[in-house]
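**Student:** just coords:
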């Protein structure tokens, strides 16, 4: 199994766990065993992947588009995921620059804590990811402010 296949199976599992196994079965019309095969890394299930219509149905209920974002990342694409927060903040570019420097400082502090023992654990990686996503939101706000000033 390739690294890409493992990566997709990992995110498929995250999607099912996000929705909940029982709810995923109900939403997809698939059994627990079938859903499990989609994210199993066992050799006999290596060629089984969740159908796209099933991914779409589960991602509509999930808290995050796990598989869609994994596919985008594999192609080097950055997605903008809005969680109900308004990306366009009040205050303009100057407040965005301040927010960006603050978020970057928080990322560096988290990185410093995470790397102290020479190993970044799964939980530490999740916290670092959360900080990078927060920076992405500030950058999106800055982009919107700059675009509005350019017109």
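**Tutor:** Arrived safely. Please read all numbers here as calculations on a predicted model, not as lab measurements.
**Student:** what does stretch 43-55 contact?
**Tutor:** Identification of contacts with stretch 43-55 by C-beta atoms under 8 Å, 6 or more residues apart in numbering yields 1, 5, 8-9, 12, 15, 28, 30, 35, 37-40, 58, 67-68. All C-beta spots, glycine's among them, are computed from the backbone N, C-alpha and C.
**Student:** Just the endpoints, please. Distance across that stretch?
**Tutor:** Length of stretch 43-55, first residue to last, C-alpha to C-alpha, to the nearest Å: 22 Å.
**Student:** Check stretch 110-122 too.
**Tutor:** End-to-end distance of stretch 110-122 (C-alpha to C-alpha): 13 Å.
**Student:** Report the buried residues of that stretch.
**Tutor:** For stretch 110-122, burial by neighbour count (16 or more other C-beta atoms under 10 Å) applies to 110, 114.
**Student:** residues in contact with that stretch?
**Tutor:** By C-beta under 8 Å, 6+ apart, stretch 110-122 touches 124-125, 127-128, 131.
**Student:** From residue 137, how far out is residue 93?
**Tutor:** 15 Å (C-beta to C-beta, to the nearest Å).
**Student:** Equivalent analysis for residue 120, please.
**Tutor:** For residue 120, the distance to residue 137 - C-beta to C-beta - is 22 Å.
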